[in-house]
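Enquirer: Below are the sequence and a predicted model for it; my questions follow.
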Amino acid sequence: MWPLAQTRPMDAAMAKIAFLGLGVMGGPMAGHLAKAGHDIAVYNRTAEKADSWVADLGGAAAATPAEAAKEADAVLACVGADADLEEVTLGPGGAFAAMHEGALFVDHTTVSAKIARRLAEEGEAKGIHCVDAPVSGGQAGAENGKLSIMCGGSKRAMTLAEPIMQAYAARIVHCGGPGAGQQTKMANQLAIAGVLQGLSEALHFARASGLDLDKVFEAISGGAAQSWQMDNRWKTMAAGEFDFGFAVDWMRKDLGLAIEEAEANGAKVDLAKLVDGYYAEVQAMGGSRQDTSSLVRRLEE
């Protein structure tokens with residue numbers, strides 16, 4: 001076993017890694033680690049998914065997070081929400097009880113900064129290095145190994161984590177201490193929500209004006225209005241196509257986290273609260289599992 005406490009470079013020896021959560025993000029991320037040559041043990045709440053992953057990519061499926069984490073150099077998680085993360089780390093059969101001193105824990109779930117700080121405190125008491133590392137880039141980014149990762153934790157924890165995360169990252173930024181990664185992800189989601197509302201209104205206005213939407217896109221996408229959302233979603237929004245990954249349900253979860261954190265730190269996020277309400281309308285229209293660009297539906301239908 002490679003002892004992470006020695007901070008040995010990843011290219012010198014492959015790590016023994018446990019990966020908890022094999023959803024649309026975690027499954028591909030764990031796959032990149034397996035393809036990089038690491039020794040992988042995986043856990044998923046639905047055991048059949050873990051068995052299928054192992055059948056395709058090798059490694060071992062574990063019955064509990066603790067079983068996956070036993071003797072692991074690093075434990076990575078990508079689950080659903082705070083309660084799920086608490087369950088796989090600190091709950092009965094959770095990973096933390098089985099992790100050895102000097103091991104690394106990296107959480108890729110988008111959760112509250114509060115639980116990120118709690119896990120860092122629990123980890124410090126056990127000699128575990130913790131990084132909160134939510135990602136941006138969606139399912140395509142996970143599959144292509146091109147995620148942007150925003151990280152919170154100590155410099156030592158980052159030194160250990162970065163070589164592992166490079167297997168599926170295009171960008172890794174250390175944003176500060178415990179919880180800073182989650183706070184940065186909140187800022188990311190706040191920015192996206194505002195851009196999508198503006199894009200939705202622009203498209204709706206152009207259609208109501210009788211303009212050729214392709215010509216409008218050609219005219220405004222090369223100037224100050226340009227954005228990733230415009231480049232990648234204008235045409236599909238115009239066509240009423242909303243099957244491109246990150247769902248409205250998850251965006252509302254993320255905006256809720258940001259709004260809660262803002263209440264704690266005194267930040268004013270009035271637009272986020274407004275857009276969150278608009279997404280609630282999209283949910284009521286049956287759009288819970290459509291991607292976030294479906295925000296335009298409440299204007300067009």
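Expert: Sure thing, it's come through.
Enquirer: quick one, what contacts Ala280?
Expert: Arg252 (CB atoms under 8 Å, 6 or more residues apart in numbering). Where you see a C-beta, it was placed from the backbone N, CA and C, and this is true even at glycine.
Enquirer: so Ile172, which of the three states?
Expert: Under DSSP: H, G, I helix; E, B strand; the rest coil, the three-state class of Ile172 is strand.
Enquirer: again with Phe105
Expert: Phe105 ends up strand, using three-state DSSP.
Enquirer: residues contacting it?
Expert: Shown in contact with Phe105 (CB under 8 Å, 6+ apart): 74-77, 89, 95-96, 99, 119, 123, 128-131.
Enquirer: Same question for Arg298.
Expert: Arg298 touches 278, 281-282, 285, counting by CB under 8 Å, 6+ apart.
Enquirer: State the three-state secondary structure for it.
Expert: Quick answer, by three-state DSSP: Arg298 is helix.
Enquirer: Distance of the residue nearest to it when sequence neighbours are not counted relative to Asp291?
Expert: The shortest distance from Arg298 to any non-neighbouring residue, by CB to CB, 6 or more residues apart in numbering, is to Glu281 (4.8 Å). Counting by CB to CB, to the nearest Å, the gap from Glu281 to Asp291 is 16 Å.
Enquirer: Equivalent analysis for Ala264, please.
Expert: Ala264 is 29 Å from Asp291, by CB to CB.
Enquirer: In terms of packing, which of the two has more residues around it?
Expert: Neighbours were counted for Ala264 and for Asp291 using other CB atoms under 10 Å; Asp291 has more, 23 against 10.
Enquirer: Among the contacts of Phe105, name the ones in strands.
Expert: 74-77, 129-131 (DSSP state E).
Enquirer: Tell me which two of those sit farthest apart.
Expert: Ala77 and His129 (14.2 Å; CB to CB).
Enquirer: how about the strands in the stretch 101-250 of the chain?
Expert: 104-107, 129-132, 135-136, 147-153, 169-176 (DSSP state E, counting those that start in this stretch).
Enquirer: nearest to Ser154, of the contacts of Phe105?
Expert: Closest approach between the contacts of Phe105 and Ser154, by CB to CB: His129, at 6.9 Å.
Enquirer: Which pLDDT value belongs to that closest one?
Expert: We note a pLDDT of 98 for His129 in this prediction.
Enquirer: same question for stretch 14-34, mean pLDDT?
Expert: Averaging pLDDT along stretch 14-34 yields 96.
Enquirer: now stretch 74-83
Expert: For stretch 74-83, the mean confidence score works out to 97.
Enquirer: quick one, what contacts the closest residue in space to Glu301 that isn't next to it in sequence?
Expert: Sequence neighbours aside, Met285 is the residue nearest to Glu301 in space, at 6.8 Å (criterion: CB to CB, 6+ apart). Met285 sits next to 297-298, 301 when contact means CB under 8 Å, 6+ apart.
Enquirer: still on that earlier bit, pipe the contacts of Arg298 into a markdown table and attach secondary structure and distance to Gly27 per row.
Expert: A markdown table is the format used below for the contacts of Arg298 (DSSP: H, G, I helix; E, B strand; the rest coil; distance: CB to CB, whole Å):
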| residue | secondary structure | distance to Gly27 |
| --- | --- | --- |
| Tyr278 | helix | 31 |
| Glu281 | helix | 32 |
| Val282 | helix | 27 |
| Met285 | coil | 30 |
